[in-house]
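[1] Fold the following, please.
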Amino acid sequence: MLPVRLMSTSKQIGISLVAGIAAGLFFGEIAGVLSVVATAYIRLLQMTVLPYITVSLISGLGALGYEQAKALFFRVGGVLLAIWALTLGLVFAIPLAFPSWESASFFSTTLIERPEEIDFLSLFIPSNPFFSLANNIVPAVVLFSVVLGVALIGVEQKDGLLEMLRVVGRGLMRATRLVMRLTPVGLFAIAASVAGTMSPEELGRLQVFFVSYVAVALLVTFWVLPALVSTLTPIPYRDVIGRTRDALLTAFVTGELFVVLPMLAEKSQELLQHVEGRTAKDKSLASVIVPASFNFPHAGKVLSLSFILFAGWFADVPVSPDQYPTLAVTGLVSFFGSVNVAVPFLLDLFRIPADMFELFVASSVVNQRFGALIAAMHTLTIALLGTCALSGALRVRGRRLLRYAVITVALTAVTIGGIRILFATTVENEYERDKVVAGMQLLRETVPAVVHRAPPAESLPVPDVGMSQLDLIRERGYLRVGYWQNSLPYAYFNAAGDLVGLDVEMAHHLADELGVGLEFVPIDPVEPDTLLRQLDGTYCDLVMSGIVVTTERARDMLFSESYLEETVAFIVKDHRRTEFASFEAVARLDGLRLGVVALPFVQALARSRLPRAELIPMTTPYLLFEPEGDELDGAVMTAERGSAWTLLYPQYSVVVPESDRVTVPLAYPIAGQDLRLASFVNTWLSLKRGDGTLGSLFEYWVLGQNAEPDEPRWSLIRDVLHWVD
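    Have a look, this model is predicted:
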C-alpha cells in the first residue's frame, strides 16, 4: 500500500483562501462573525515576534568578531543602504500610480484633534527596554538588541549566554511554527470576513494595491537589483538571473526566504567565479554575508511600506510627501522585526484606521510570495556586492552607472505610467456621497410642521404686558422657528424638498416638549439689521439654524446657552490642502483671495491672521462652489459645516490649521429677548444633553453615523437562495 501523501502547506493555504472567499460570498455579512477568529490568529502571529527579534539580534551580533563586525558594518552596510534607497525611491513613486479617486467624508473629530508629536528619543532610545517590549515599540527594541549584541563582542565567556539565547530563539521559532499550523484556519477566517463584508468600492480600491505592488516587485527582482550587480561587478546580468532561477522560484512558491538561504550562499559563490583574482577566502565571504543579512530588512519588506501609502489613500487620510522621511526612517527600523508587528505600529503612527491591517493580512497571501521573491534577489545582491566591496572588486564606472540610472528611471516611469493608465481605464469611481447628504431624513418627526419658503404675511401677536413669549407660544398652539436654508448640516432642504438638519430636528423635539405645533419661517442671518427685525417677537420665537454667537450679536440679541462648538477651518481644492496647513503658511502666500462667511468675528480673525490676503465676503457658501468661485483660492468656514459641503463638492477638502485651534459657539437667538423663554430653552438643552438626544443627533447629522442605508452585502444565501432576509 502506498503511503498517504500529506498535502503541502502551500496547497492548504491556497485551498483555505479560496474556501474563505467562497464562504464570504455565500454567507455575506454573516461571515463577519469570523473576524474574531481572524483577530485571534493575527495576535498569535505577533505574540513571539518581538522576543525573537531580541534574542536573534543579540546572539547573531554577539557571535561576531570586531574586525568582521566593522567590515560588515561599513562596507556591506553601505551596499545595504544603497539598496534601501533605491527601494524607497520606488515606494514613494507608487502613489503616482493610484487613480484619482473622488471621495469625501462627514466631519470627524480627528480633523480637530492635535496629533501627538512624535517623540523620536522615546521611539528609538529605550530608557526601559521592558517597557518598549510591553508596548510594542519596535525601533527601541531593535536598538537595545543591537547595542547589547555589539557589546557582547568583546565579552569573554559569552559562549554560554549565546548558546542559551540560540536555544531560546529556536524555542520561539518552534512556537511560531506551531502557530503557523493554524494558518489555514486563520486565513480562512480573514478571507471569509473580508469577502463577506467588503463593499464593491473597497474591493475596487484593494486591487489598486495588488497590481501596483506586484508590478514594482517584478521590476525590483528582474531589473533594479540584478542590473545593479552587473553594473558594479564583472558578473553578467544573464548569469545573475539564470543561475539563481531555482532559488527564486522556490522562494516564490514557499513564500519564505529562510528556506533558500543555503541555496543563495551556494549560488553566490558560483557567480563570484567571474571575479578574476579573487581568492577562495574572498569567495567564501558570501557564506557569512548571506545569513548575517537575514537579520536586516530586505527590499521586500521595504516595499511593504507602500501599503502604508495605499492605506492612507484608501482611507482618505493620505500620507503627505513631507511625512515620507519619517515613514522611511521609522519603517526601516520597524522592519527589523516582523511586518505583522511593524504595519500596525506604522498605521497608528500616521493615524490611519487600524482595521486596515486586516486588509494587509488578506493581501499578504499574494504579496508574501512576491515579497519572498524580492527578498531572495536582495540577499543574493547583498552577498555579491558585499563580497566584492570587502575584497576590493567593486568598480564604480560613471558611464555604466549613468546607463543603469537612465534605464531604471525609464522602466519605472513606464511601469508607474502603465499602471496609472490601466486604472484610469478599468477602475470605475462613481461618486455617490453627495446623494447620501441629499437623502438624509429626520430621524423622528415628532410633530406636524408647516414650512414656509418665503416670509409669511401674517405676523405674530405681541405679548401683553407681563406675558412672556413662552406663554404666548402655548396660547397660540404652535412654535414658530426661524431657519436659514444654507446652514448645512443644521438646516437645509434635501433632495425630496423636505427641510431637514440637526437644528430642524431639535425644533421638532422642542415643540413636542411644549406640546404645540411647529412652523418654520426663513430668516436672513447675514444682514444684522434684518435678523434683528426678525427677532422682535412678531416674526418668530427663536432661530434654530446653526447660528454662531459673536460679540456684536451678543450685544444686540439674547442667546440661549451654547449647545455646540465649531472649529474655524479652510475649505480649499484637494490638491492645495498642504498649502493651508497653518495660518503662518497661508499668510506667506502671495495674491491670496479667500471667501469669508459674513460674520464680523470670522472676518476680523481672517484680517488679523492673514493681513496680505484679499478677503471676499460670502453671503452663502455656494459662492465658493459656483463657477465664480474658481477665482477664489479657498474660503474661511468652520470644519463641521465645511465637511458637509465637501460631501456635495468632493473636489474640496477641509483643512484645520495646525498651529491654532479657534472655536466659535452655536446658540439659539431668543425673540424679544424674553428671559423666561431663554431660561426654558437652557433647561431643555441641559436635559437633551443628559438624555443623549443632542449627542445622537450630532452623530447622525454632523458625523454621518448611520447616514447611509445599512443594506446587506450581496450574498448567495440571501440574494439567490433566499434562505435569510
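
[2] V664 belongs to a strand?
    Yes - assigned with DSSP: H, G, I helix; E, B strand; the rest coil, V664 falls within a strand.

[3] State whether it and S562 are indeed in contact, as I suppose.
    No - the criterion here is C-beta atoms under 8 Å, and V664 misses it with S562 at 9.4 Å. Bear in mind the C-beta positions are built from the backbone N, C-alpha and C, glycine included.

[4] which of the two has more neighbours?
    V664 (18 against 15; other C-beta atoms under 10 Å).

[5] can you list residues touching both of V664 and S562?
    Listed as contacting both V664 and S562 by C-beta atoms under 8 Å, 6 or more residues apart in numbering are V549.

[6] which stretches of the stretch 201-350 of the chain have low pLDDT?
    In the prediction, the stretch 201-350 of the chain carries residues with pLDDT under 70 at positions 201-205, 250, 253-256, 258-262, 274-295, 337-338.

[7] So which residues of it form helices?
    225-232, 237-242, 245-254, 261-271, 280-283, 286-293, 299-303, 305-314, 324-334, 339-349 (DSSP state H, counting those that start in this stretch).

[8] Mean neighbour count and distance to E513 for the ones you listed - can I get that in JSON lines?
    As requested, those are exported to JSON lines (neighbours: other C-beta atoms under 10 Å; distance: least, C-beta to C-beta, whole Å):
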{"stretch": "helix 225-232", "mean neighbour count": "21", "distance to E513": "72"}
{"stretch": "helix 237-242", "mean neighbour count": "16", "distance to E513": "78"}
{"stretch": "helix 245-254", "mean neighbour count": "17", "distance to E513": "69"}
{"stretch": "helix 261-271", "mean neighbour count": "20", "distance to E513": "74"}
{"stretch": "helix 280-283", "mean neighbour count": "13", "distance to E513": "88"}
{"stretch": "helix 286-293", "mean neighbour count": "21", "distance to E513": "72"}
{"stretch": "helix 299-303", "mean neighbour count": "26", "distance to E513": "60"}
{"stretch": "helix 305-314", "mean neighbour count": "24", "distance to E513": "44"}
{"stretch": "helix 324-334", "mean neighbour count": "19", "distance to E513": "52"}
{"stretch": "helix 339-349", "mean neighbour count": "20", "distance to E513": "44"}
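
[9] Tell me what angle the helix or strand harbouring L88 forms with helix 324-334.
    Assigned by DSSP states H and E, L88 belongs to helix 77-93. Interaxial angle, helix 77-93 versus helix 324-334 (axes from the mean of the first three to the mean of the last three C-alpha atoms, to 10 degrees): 130 degrees.

[10] pLDDT (mean, whole number) over helix 77-93?
    Averaging pLDDT along helix 77-93 yields 91.

[11] By mean pLDDT, flag the weakest helix or strand of this structure.
    helix 280-283 (a mean of 48; mean pLDDT, DSSP states H and E).

[12] where's the residue lying closest to L532 once chain neighbours are set aside relative to Y563, distance?
    Excluding its sequence neighbours, the residue lying closest to L532 (C-beta to C-beta, 6 or more residues apart in numbering) is D556, at 5.9 Å. Distance of D556 to Y563, computed by C-beta to C-beta, to the nearest Å: 20 Å.
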